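Engineer: Need a 3D model of the following:
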Amino acid sequence: MNAADDDKQEASEAPSQAEGVRKLQMDKKLNTWLIEANGTKKAISCREICETFNDGSIITRLRAGIDSGADFSTVELNE
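Structural biologist: Numbering: from 1, shown residues only. This is a model prediction of the structure:
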């Protein structure tokens with residue numbers, strides 16, 4: 001299995017993979033990604049999240065999922 005397969009597997013194992021919805025995802029290492037409605041995954045910083053979505057509580061919600069022991073924490077974006 002190569003790195004690309006690992007990324008696909010991570011995305012497919014993530015909770016709340018509803019079609020057509022943009023999401024933010026965080027892993028245990030506190031890496032964050034923006035997952036577009038078409039499934040593409042792009043790294044994004046916490047600062048970019050706060051500036052782009054003008055909502056600092058998104059980071060709090062992502063972090064709460066990780067703090068509760070989840071491997072991945074996902075927040076659906078309501079735009």
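
Engineer: need the contact list for residue 30.
Structural biologist: 63, 66 (CB atoms under 8 Å, 6 or more residues apart in numbering). (Each C-beta comes from the backbone N, C-alpha and C, glycine too.)

Engineer: would you list every one of the helices in the chain?
Structural biologist: 3-13, 46-53, 57-67 (DSSP state H).

Engineer: quick one: the shortest one to chain centroid distance?
Structural biologist: Between the centre of helix 46-53 and the centre of its chain there are 13 Å (CA atoms, centre = their mean, to the nearest Å).

Engineer: which residues touch the spatially most central residue of the chain?
Structural biologist: In the chain, the centroid-proximal residue (CA atoms, centre = their mean) is residue 25; its distance is 1.0 Å. Residue 25 makes contacts with 14, 32, 33, 35, 41, 62, 72, 73, 74, 75, as judged by CB under 8 Å, 6+ apart.

Engineer: how about stretch 60-76: buried residues?
Structural biologist: The neighbour-count check on stretch 60-76 (16 or more other CB atoms under 10 Å) flags 62, 65, 66, 70, 72, 73, 74, 75 as buried.

Engineer: correction: stretch 27-38
Structural biologist: Of the residues in stretch 27-38, those with enough neighbours to count as buried (16+ other CB under 10 Å) are 27, 32, 33, 34, 35.

Engineer: Quick check: the two most widely separated of those?
Structural biologist: 27 and 34 (13.6 Å; CB to CB).

Engineer: So what pairs up with the residue lying closest to residue 43 once chain neighbours are set aside in the strands?
Structural biologist: Of all residues not flanking residue 43 in the chain, residue 33 sits nearest, at 5.7 Å (CB to CB, 6 or more residues apart in numbering). Beta-bridge partners of residue 33, counted by DSSP bridges, are residue 25, residue 43.
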